[in-house]
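# My questions concern the predicted model and sequence given below.
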Amino acid sequence: MERDRRLRVDRARLLTFLGWFRASSIRPENPLAVELSVEALESRLAADGVPHCFGFFTAANEWSFFEARADVHLYVERGSVRRVRRIAQDARSRRASRGFLQIYTESLSGLSVATRAGLPVTSPFQTVVDLRAHPEGGAHAAFLEANLLPRLREGP
């Protein structure tokens, strides 16, 4: 609907539609069981020059902590998966908890990326859409949608 030269959308419908679309396009790799921390992994990936972005639950907890999770969710370009696996197995820290590294292959130029606490993460809107597409992401998506998205500036 256009009003006052501004395009307005029904956010709930848009998020539902985008979540359905993302569910069909997200490409997870086999998870890797490792001991790691997000910070240690970030440091190693940056030092090795691997383009990456944290997403899903990892990004959600950077935007607004909701639930502790030992798993780390990471977007990388398809050609970087082998390097990331090698780096992740070496990125151990004493404060890390045992969990899984879930790698998703995606063209990073197609993601909305921001920086939060020094980490490259998906934007709040992208994070909500992605969590809606994840089989376990519903509660996280609803929490962010209710508590974070309304605070974001909409439109110009």
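On my side now, so go ahead. Numbering: from 1, shown residues only.
# which one's the longest strand in the protein?
The residue-count maximum for a strand in the chain (DSSP state E) belongs to strand 97-105.
# which other helices and strands contact that one?
strand 32-36, strand 72-76, helix 81-90 (3 or more Cβ pairs under 8 Å, 6 or more residues apart in numbering; DSSP states H and E). For the C-beta atoms, the positions are set from N, CA and C on the backbone; glycine is no exception.
# immediately after it, which helix or strand?
Scanning forward in sequence from strand 97-105 by DSSP states H and E, the next helix or strand is strand 113-116.
# buried set for that next one?
Using 16 or more other Cβ atoms under 10 Å as the test for burial, strand 113-116 gives Val113, Ala114, Arg116.
# what do you get for stretch 74-83?
Leu74, Tyr75, Val76, Ser80, Val81.
# which residues touch the residue at minimal distance from the centre of the chain?
In the chain, the C-alpha nearest the mean C-alpha coordinate belongs to Gly55, at 1.0 Å (Cα atoms, centre = their mean). Each residue near Gly55 by Cβ atoms under 8 Å, 6 or more residues apart in numbering is listed here: His73, Leu74, Tyr75, Tyr104, Leu111, Val121, Thr122, Gln126, Thr127, Asp130.
# who's the nearest residue to it once chain neighbours are set aside bridged to?
Distance criterion Cβ to Cβ, 6 or more residues apart in numbering; nearest residue to Gly55, sequence neighbours excluded, is Thr122 at 4.6 Å. Residues in a beta bridge with Thr122, per DSSP bridges, are Val113.
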